[in-house]
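Engineer: Below are the sequence and a predicted model for it; my questions follow.
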Amino acid sequence: MKHKQILKPLIAIFAAVLIGSHVQAQLPDDAIMLGKKQLCTGFTYMNSQWKDYWEGTLKRTNLNMGTVSTQSVMFMSVYGISDKLNVLTSVPYVWTHATAGTLSGLAGFQDFELDLKWEALTKKIGKSTVSLFAVGGFSTPMSKYEADFQPMSIGLGSTNISYRITGDYQRGIFFATLSGAYVWRSNIKIDRTSYYTTELHNTNAVQMPNVFNGNLNVGIRKKNLVAEAVLMNMTTLGGFDIRRNDMPFASNRMVSTSIGAHAKYFIPFVTNLEVAGGYDYVINGRDIRLPRSRNVGKSQTFTVGIYYILSFKNNKN
Amino acid sequence: MKKIFNSIACVSVIASLAVGCNKSISNRTAGLPALTTDNNDLNAGGWKPVLLSRPDSFSVAAPAATNSPAYLADLNEIKSLQQNISKDQQNSIKYWAAGSTLRWNEIMRGLVAKYNLPTVTNSNGTYPAPSSTNPLAYPLFPFTNPPYAARAYAYVSAAQYDALIACWYFKTKYNQAAPYKIDSSVGAKFISKTDLPSYPSEAAVLAGVTAEMMKLLFPDEIANIQQTAIQAEQATIASGAATRSAVVAGEALGRQVAELFIARARGDHAGTAGGTQTDWTNFQTIALNLGQIPWYSLEIPQRPPMLPLFYKVKPFLFDSAAISSFRPGPPPTTNSPELMKDADEAYTYIKNPSRDQIGIVEFWADGVGTYSPPGHWNAIAADDFVKQNWSEVRMARNFALLNMAEMDVAIVCWDIKYFYFSPRPTQMEPRIKTLTGIPNFPSYVSGHSCFSGAASAFLSYLLPENAARYQAMAVQAGMSRLISGIHYRIDVETGLTVGQNVGSYAVARAQADGAN
């Protein structure tokens, strides 16, 4: 009869899966492509935790949850079908934990994701290069994990289809990337036959609002190094607020804005090995004139990754 | 290149299909057909009421003759309503036509879910208590925890039942047919025609009695419920089932019957069930004096126990003096190896829960923000009741018996919980993490098991063809509390027996109330 909590899965799902953990090479929302017949594959570890969260727009803590963490190890692969078309896949294993109270953490394989990333346009204008990318994505739960035990659930359980448009501007080593995605989410079915949102629903079907994801990355991009500042926003296009002292729910209205710094480095002495890392934390968007955060944890997220790049290209030419 | 475009085309097609998908969801009772009763229960005026001393304790004036100007004016109102029935009005008529008792039961479940939120702690670590004298200020009154919910369902259902007994008494006494039978130019819109006399209107009796009960139980909702009551009445008039006069008479009758129940509720000791610091300390002292580890709240900061004096509430199905007669023997002592073995069993279940196990736990969790375990059994019952084609009065009678059993078992269960004041498994074995929130009251015996045992006992009697299913559900509901880590096995098994014992009182009443 107690525990409150917040959208951890926010991080789990949106940061790790839909957005990708952002840091490594060749993500759905960056402006980097692998060449034809190149494969980049590796693991990303993510640790995301929050103590404060927003109940509606009210920021609070919950002594019966303490600090809630979501960790994941994600196996990802990117393959260059051509220089202009890459396919990206990821398989995350996720586990959750609360430091206080009695609620049990959960663990399991979360959502498989596949994206097709197309570099639609590249144009040199003087010393600058402008590129445009279109990305279609699909993700779906790999197991029938429990989505109705928030915030300890490892995900939200919906099957998602996303379209993303990314624009990139580079001049010298400096670049800026602006990316936006519309994510259609399927309804989910929960184990209960009834639940309350702003009214009682006598069904096990939960209508999931669709989502907008956006990010702005600014930084330097060199041959062996990318270092960038990142602003991310995730906004559900609907949903409802957590009531005072209620539990969070999969179809809550969620708004989350985070800022962070990411870097990746292609190690010059070790052939084909790349390492990446990043740090992001959720802010109240209102502080930077974006919509205020609601129904999400005020998370801080660390990611590290290591990837190996292989080329199947015939090198004769 | 062609391949690339094919891939892109494929993704676009999937994406546009998805966007085109209709994501709207609907309640499983949304499309129910209009109620068509097998039996109008014309003798229901003679059934045994709960509180009414006589079915005509409150008088209802005779209706105007069907050839009088007053009645003709009523018919004209119906005809003009039926001339321009909007889509919204059609939907409203269809909604209520499935059965007013059912719809009010669903509305009650929604209210319980809405108000089932524990209060936030004060900055000094204390907890504010909701107050019926200041219901609109935070914390909102009421907090519909399981005992409060059980009592609310019982009062509303029992009042509806008594009000319909009176309604049926006057229906048969005055024997005025439905408007569509009197005047062939009045339609029966979206409803089934019936020979049941229409004065006073049963839909209006239910609207009146329920709206009146809200003044006591959900004071913040009086205005909303009043609107809903008006919709129900408007729907029954527009459908051709009742005249304005039948509605006015029915609503007044319903409200009068409600007053009887409100008067009882004001004196049933529920108002003081929260107890005081002295009471809370006293439970601990008694346990300590017996050499037992007392229950303590596992919330941070510790929260006062939930309604510790609820065992003093006056039951419906038996005398208060009988409450302690349901009390089982004690659970294993807190220093016994037996208790640790029981805690170990809970730990074994929770260590590596299977997906099925988690699903069972969440299905039965019925915790914060839900309609609570008694509400869950109302939902289970309602799904089966709607298939029976019962009259409104029989539907109300069966919900009343179910809910009186649920309230009385809450009283008995709370008596046992606070008599033994036993710690939860997590208190004895802190490695136990739980798959749902730990309720803030002592462990022995399990409330879910009590509610489920009582409900399944009564429902199995009522619908014997479903008995095996109800009993299996009760066992699963009880076991869900063991496999979620919040109860010992003995809490569950003993609770189910206690529940069945209380449920047998509802069965006994059903056998003797004249409805068989």
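Structural biologist: Happy to help now that I have it. Numbers count the residues shown, from 1 in each chain, chains lettered A, B, ... in the order given.
Engineer: contacting residues around residue B:476?
Structural biologist: Residue B:476 sits next to B:360, B:364 when contact means C-beta atoms under 8 Å, 6 or more residues apart in numbering or on different chains. Just so you know, the C-beta spots here come from the backbone N, C-alpha and C atoms, and that holds for glycine as well.
Engineer: That one and residue B:440, how far apart?
Structural biologist: 24 Å (C-beta to C-beta, to the nearest Å).
Engineer: again, but for residue B:85
Structural biologist: From residue B:85 across to residue B:440, the span is 50 Å (C-beta to C-beta).
Engineer: Over to residue B:234?
Structural biologist: As judged by C-beta to C-beta, residue B:234 and residue B:440 stand 43 Å apart.
Engineer: cool, and residue B:232?
Structural biologist: Counting by C-beta to C-beta, the gap from residue B:232 to residue B:440 is 37 Å.
Engineer: quick one, which of those two is more surrounded?
Structural biologist: Set side by side, residue B:232 and residue B:440 show more neighbours around residue B:232, with 27 against 21, by other C-beta atoms under 10 Å in any protein chain shown.
Engineer: what's the distance between the more buried one and residue B:154?
Structural biologist: 22 Å.
Engineer: what do you get for residue A:72?
Structural biologist: Distance from residue A:72 to residue B:154, by C-beta to C-beta: 48 Å.
Engineer: same thing with residue B:478?
Structural biologist: 21 Å.
Engineer: So residue A:72 and residue B:154 - more neighbours on which side?
Structural biologist: Neighbours were tallied for residue A:72 and for residue B:154 using other C-beta under 10 Å; the higher tally belongs to residue B:154 (28 against 25).
Engineer: Which residue is the nearest non-sequential neighbour of that one?
Structural biologist: residue B:407 (3.6 Å; C-beta to C-beta, 6 or more residues apart in numbering or on different chains).
Engineer: Run a quick neighbour tally on the one you found.
Structural biologist: Counted with other C-beta under 10 Å, residues neighbouring residue B:407 total 33.
Engineer: Now the element after the helix or strand containing it, going C-ward?
Structural biologist: For residue B:407, the element it lies in under DSSP states H and E is helix B:392-420. Using DSSP H and E, the next helix or strand after helix B:392-420 towards the C-terminus is helix B:425-428.
Engineer: which residues touch that following helix?
Structural biologist: Contacts of helix B:425-428 (C-beta under 8 Å, 6+ apart): A:102, B:293, B:295-296, B:298, B:334, B:339-340, B:342-343, B:346-347, B:432-434, B:438, B:443, B:485-488.
Engineer: Which elements pack onto the helix holding residue B:407?
Structural biologist: On a contact count with 3 or more C-beta pairs under 8 Å, 6 or more residues apart in numbering or on different chains; DSSP states H and E, helix B:392-420 meets helix B:100-115, helix B:146-174, helix B:202-217, helix B:372-385, helix B:447-462, helix B:489-512.
Engineer: Let me see the mean pLDDT of it.
Structural biologist: The pLDDT scores in helix B:392-420 average 98.
Engineer: One more: stretch A:241-252?
Structural biologist: Stretch A:241-252 comes out at a mean pLDDT of 97.
Engineer: again, but for stretch B:311-322
Structural biologist: Stretch B:311-322 comes out at a mean pLDDT of 98.
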